[in-house]
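Asker: what follows is a predicted protein model with its sequence.
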Amino acid sequence: MTTATRKCRRSIPGTAIFDGDLARIGYALNRMCFSFNAAECREAFQRDEEAYMTRYRLTDAQKDAVRSRQVLQMIAAGGHPYYLAKLAGIFGLDMQDIGAQQTGVTKEAFQAKLVAAGA
Amino acid sequence: MTTATRKCRRSIPGTAIFDGDLARIGYALNRMCFSFNAAECREAFQRDEEAYMTRYRLTDAQKDAVRSRQVLQMIAAGGHPYYLAKLAGIFGLDMQDIGAQQTGVTKEAFQAKLVAAGA
Amino acid sequence: MAHIIGSISTSHVPAIGGALARQKQQDPYWKPFFDAYGKAREWLGRERPDVVVILHNDHGLNFFLDKMPTFAVGAADVYKNADEGWGIPPLAEARGCVDLSWQIVETLIEDEFDITTCQEALVDHSVSLPLALLWPEGKDAGAWPVEIVPVCINTVLAPYPSASRCYRLGQSLRRAIESWDDDRRVLIIASGGLSHQLDGERAGFINKPFDLQFMDSLVADPTWITQYSNEELVELTGTQGIELLMWVAARGVLDETPVKQHHAHYHVPISNTATGLLVLEPA
Amino acid sequence: MAHIIGSISTSHVPAIGGALARQKQQDPYWKPFFDAYGKAREWLGRERPDVVVILHNDHGLNFFLDKMPTFAVGAADVYKNADEGWGIPPLAEARGCVDLSWQIVETLIEDEFDITTCQEALVDHSVSLPLALLWPEGKDAGAWPVEIVPVCINTVLAPYPSASRCYRLGQSLRRAIESWDDDRRVLIIASGGLSHQLDGERAGFINKPFDLQFMDSLVADPTWITQYSNEELVELTGTQGIELLMWVAARGVLDETPVKQHHAHYHVPISNTATGLLVLEPA
Ligand SMILES: [Fe+3]
Ligand SMILES: [Fe+3]
């Protein structure tokens, strides 16, 4: 892609900084998630996910990511964590569900890791 | 008012710089004018000016100014020239009409003054 | 000349709004967190601020990527809180201190900060929760005892402003407040951080040693943090840990004045976040 | 490294859009104005730019007072032109050069310009008219032969950024373009000014001697204008004359390079505006 040459970026394991590269590929997905601030938009999405995604012109990769419910896939498709959090809410996932899913552990194990970080 | 003390402003004859003081009093009027980018909003205003002004919560001074068609009065009520230009268009006034009205001369005299400025 | 009484820096987490809505303050999970605000409230009871300048970051309620400002200053009469997507009931709207807003707008532009001015704005949990934690009686009454000026710093879209730029933003805010011809008492609030990361395989990352060192540095060595680039700060504190920029800007407002730490608290975790609370006053 | 071919600074007036829509280019009122662009078009025919960075000011189409940025950089795939309230048919949309947009966003933030980034934006006559004047065949075909990056400077809400700040914005844009790893040819367009005032008892104010002096200064003494405060500039050039800040920023892009004036034209009036056209190239 074009912007890789822009500057030599720091690589942080397990971490994608949402910059122009991600913003560029993620716009449609993020715009859809931004709409979910409104309860009626959340309901419209829940009534017909596919139609709603098409209306917001999601790319195929973004649609697949949403269908999969996999947050890492949504991030790879350019989703921003603040906006995706609104979508996760619709799916009934809280932040520990999401954390567990992304790190491949149980919710209990993820919560225990958080508690341990404070010890 | 409160902000006069903020700084000692330059006074330019016949000229009001649209700053916080004007922005503060003019918000509702400017917001209404901003809506006029959309043809359907211009039509709604033309169908019922009073209802439209009330919907946008114009102050009494702003309503009076709009009713009067007097641009100087609209500016005194916090109207910004860029936004007011959209309202003027609805009233069928072009920039020379407005210039003539504000300077108290005929349109021909105003146009002649512009031409003279280029000589 | 307005008087700056000091600053309160605090974390914010949407889950706090849920806990408030369900009255979980005495729940074992929440009690250590909520209890820590008692000392800050006592201090506020004595110091009685009239106006709050709150440094915060929006999470996709008021700003979207179509217009994402680096620094945005509110200049509205009123700031409504609204649903951010999870159906948590909005808290009370906050009255704006419009006169101070414009004082800040003029001063920041004069000091070459290229702000976005907002005559209308919604505020999310990053504004409503600090108010609710510091004035719970205001939350219950549906009206806060202070007027506010929200100053929003971009932590959504990289590149974010550097820590050094944010510190100098704070210095300019100080100049604005001190040149405001008004005798009201002004509190600075920073809302954000500390270390946390919601996204990616590193989700759940928390860095307690760094957070504690950062909190300590704010008392005696306030520009210590400016040695780090924003990428380094993300590595050290997580993708959302970068919200500590709010604390840096708030410290910039107090600036060279020797400051005294009135109260400090650190608790891990609330949801996925390391939470901090720091009350500073001029020494 | 991308190559900057030079700059074209031009006035814009909504009435020009009306004249284009009604094909009035040969009308005696309009002919001197439209004819002046011939030399600029010839130059473009030889220089063949691929990308345009256009410094412009919005007039209440894309930005409102709820979010009024000092500096806004477009980062969209496409910029549609739209009705600004007078029902003039919109001109062709412009394709964005997204790669250069992000290069500019990163560089400007690094240089401590606190920009607002816009992944979606409408552009008004301040963008569409310069394109139509310089590429009339593109207007007729409904597609411009260049991609664009719009950079919007606030001239709506005072305080505006100072002339000096705008000049340095231009210098940072130069650094962005020159560090862009691409061999495309970049044209700078400034769209705004010269002296005019639409509002108030001083409506119709024009200052030909000052305009001519300003145009001259841009060749050999580019920071001459920075001696004036924005209030002084409004006094000297009118409330909308302040749009000359676009010309100042564009000159900042060419910066220290000795420049050669390829073409200059000045005509009064178009509508209520003194119009200028200035083509500069590296000497
Ligand atoms: Fe946050
Ligand atoms: Fe203009």
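Answerer: Arrived safely, thanks for sending. Ligands and ions are numbered 1, 2, ... in the order given.
Asker: CA only for contacts and neighbour counts going forward, please
Answerer: OK.
Asker: longest helix in the chain, please.
Answerer: No chain specified, so I'll use chain A. In chain A, assigned by DSSP state H, the helix with the most residues is helix A:20-35.
Asker: I was after chain C.
Answerer: If you go by DSSP H, chain C has its longest helix at helix C:163-178.
Asker: and it with chain B, contact?
Answerer: No. Applying CA under 8 Å from any CA of the partner chain, one finds helix C:163-178 separated from chain B by no less than 10.1 Å.
Asker: give me the mean pLDDT for that helix.
Answerer: The average pLDDT for helix C:163-178 rounds to 98.
Asker: and it, what's buried?
Answerer: For helix C:163-178, burial by neighbour count (16 or more other CA atoms under 10 Å in any protein chain shown) applies to C:163-178.
Asker: and the gap between A:Gly104 and A:Met53?
Answerer: Separation of A:Gly104 from A:Met53 (CA to CA, to the nearest Å): 27 Å.
Asker: neighbour count winner among the two?
Answerer: Shown here are A:Gly104 and A:Met53; by other CA atoms under 10 Å in any protein chain shown, A:Met53 has more neighbours (19 against 12).
Asker: correct me, but the more buried one touches A:Met32?
Answerer: Yes. With contact defined as CA atoms under 8 Å, A:Met53 counts as touching A:Met32 (7.4 Å).
Asker: how about the residues of the stretch 51-200 of chain C near chain D?
Answerer: C:65-71, C:105-106, C:109, C:112-121, C:159-161, C:165.
Asker: in the stretch 51-200 of chain C, which spans are helices?
Answerer: With DSSP state H, counting those that start in this stretch as the criterion, the stretch 51-200 of chain C has helices at C:98-110, C:125-134, C:136-141, C:163-178.
Asker: now those as CSV including distance to C:Asp221?
Answerer: Shown next, in CSV, are the helices of the stretch 51-200 of chain C (distance: least, CA to CA, whole Å):
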stretch, distance to C:Asp221
helix C:98-110, 24
helix C:125-134, 25
helix C:136-141, 33
helix C:163-178, 12
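Asker: these: which one's closest to chain A?
Answerer: helix C:125-134 (12.4 Å; CA to the nearest CA).
Asker: so what does that closest one touch, helix or strand wise?
Answerer: Judged by 3 or more CA pairs under 8 Å, 6 or more residues apart in numbering or on different chains; DSSP states H and E, helix C:125-134 is in contact with helix C:14-21, helix C:37-47, strand C:51-56, helix C:136-141, strand C:185-191.
Asker: need these in CSV (columns: mean neighbour count, mean pLDDT and distance to chain A).
Answerer: Shown next, in CSV, are those (neighbours: other CA atoms under 10 Å in any protein chain shown; pLDDT from 0 to 100; distance: least, CA to the nearest CA, whole Å):
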stretch, mean neighbour count, mean pLDDT, distance to chain A
helix C:14-21, 17, 94, 9
helix C:37-47, 15, 98, 19
strand C:51-56, 26, 98, 15
helix C:136-141, 15, 96, 22
strand C:185-191, 26, 98, 16
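Asker: nearest to B:Asp48, out of the ones you listed?
Answerer: Closest to B:Asp48 of the helices and strands packed on helix C:125-134, according to CA to CA: helix C:136-141, at 39.8 Å.
Asker: dump that closest one to CSV, restricted to CA.
Answerer: Extracted C-alpha coordinates of helix C:136-141, given in CSV (Å, rounded to 0.1, in the frame of the first residue of the first chain):
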residue,chain,number,x,y,z
PRO,C,136,-23.2,13.4,43.4
GLU,C,137,-25.8,15.7,44.9
GLY,C,138,-25.8,17.6,41.6
LYS,C,139,-26.3,14.3,39.7
ASP,C,140,-29.3,13.5,41.9
ALA,C,141,-30.7,17.0,41.6
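Asker: chain center to that helix, what's the gap?
Answerer: 19 Å (CA atoms, centre = their mean, to the nearest Å).
Asker: who touches that helix?
Answerer: With contacts defined as CA atoms under 8 Å, 6 or more residues apart in numbering or on different chains, helix C:136-141 is touched by C:Leu91, C:Ala92, C:Leu131, C:Ala132, C:Trp144, C:Pro145.
Asker: what sits against the last one?
Answerer: Under the criterion of CA under 8 Å, 6+ apart, the neighbours of C:Pro145 are C:Asp50, C:Trp135, C:Gly138.
Asker: next up, phi/psi of it, please.
Answerer: Torsion angles at C:Pro145 (phi, psi; degrees, to the nearest 10) stand at phi -80, psi 10.
Asker: hey, what's C:Thr273 bridged with?
Answerer: Beta bridges link C:Thr273 to C:Ile270 when assigned by DSSP bridges.
Asker: how close does it get to chain D?
Answerer: C:Thr273 is 28 Å from chain D, where distance means CA to the nearest CA, to the nearest Å.
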